[in-house]
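**Student:** Provide a 3D model corresponding to the input given below.
(one chain, ligands or ions: 1)
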Amino acid sequence: MLHTQSDVVFVKGLTVDAVIGVYEWERAITQPLQIDIALETDISAAAASDDVQDALNYKAVCDDVSEWCQAIQAKLLEHLAEQIVDKLLAKYACHKITLSMAKPTAIKHADAVGVQITRSAKASHSEQPASQSHDA
Ligand SMILES: Nc1nc2c(c(=O)[nH]1)N=C([C@H](O)[C@@H](O)CO)CN2
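**Tutor:** Okay, the predicted model is just below:
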């Protein structure tokens, strides 16, 4: 499908404490991750109905991303970012996601270091995800 509208549901500055890092000392602690997510979606149903059941629920996105980051315990930010975006695209009704993931405490003389990735949903006939979460 050609997406002529450009609607975004976003999350900025989600902080998650998780095991993340390549070094042995990092595997024994948690560190803060700061996460920004832009989910390209169609907000027209929610805009018309004023019902959260029709919305891509950013509360549910935050809860899922926090849980997944803590469970995955990745070494590289690249691996974690790709896993999280894959899961979001599979679960939520969105066609493109840009996610940035930063470690604000990893490098002493830097405010933050990290990665940003953009991924699109695989084209399908229905353009619908496997399921749409209505959590929380
Ligand atoms: N491109 C990346 N470089 C580095 C990563 C990473 O996840 N992606 N991770 C580390 C260490 O875990 C670092 O954060 C410890 O200071 C080094 N480089």
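**Student:** quick one: name the residues of the protein near the ligand.
**Tutor:** Within the chain, the positions adjacent to the ligand are 21, 22, 23, 26, 76, 77, 78, 103, 106 by CB under 6 Å from any ligand atom. No exception for glycine: its C-beta is placed from N, CA and C like everyone else's.
**Student:** got the contact list for stretch 54-71?
**Tutor:** For stretch 54-71, the surrounding residues in contact (CB atoms under 8 Å, 6 or more residues apart in numbering) are 9-11, 14, 16-20, 33, 35, 37, 39, 41, 43, 45-46, 48, 80, 83-84, 87-88, 91-94, 132-136.
**Student:** which residues of the chain score low on pLDDT?
**Tutor:** 1-4, 124-136 (pLDDT under 70).
**Student:** surely residue 52 touches residue 46?
**Tutor:** Yes: the pair residue 52 and residue 46 passes the contact test of CB atoms under 8 Å, sitting 7.4 Å apart.
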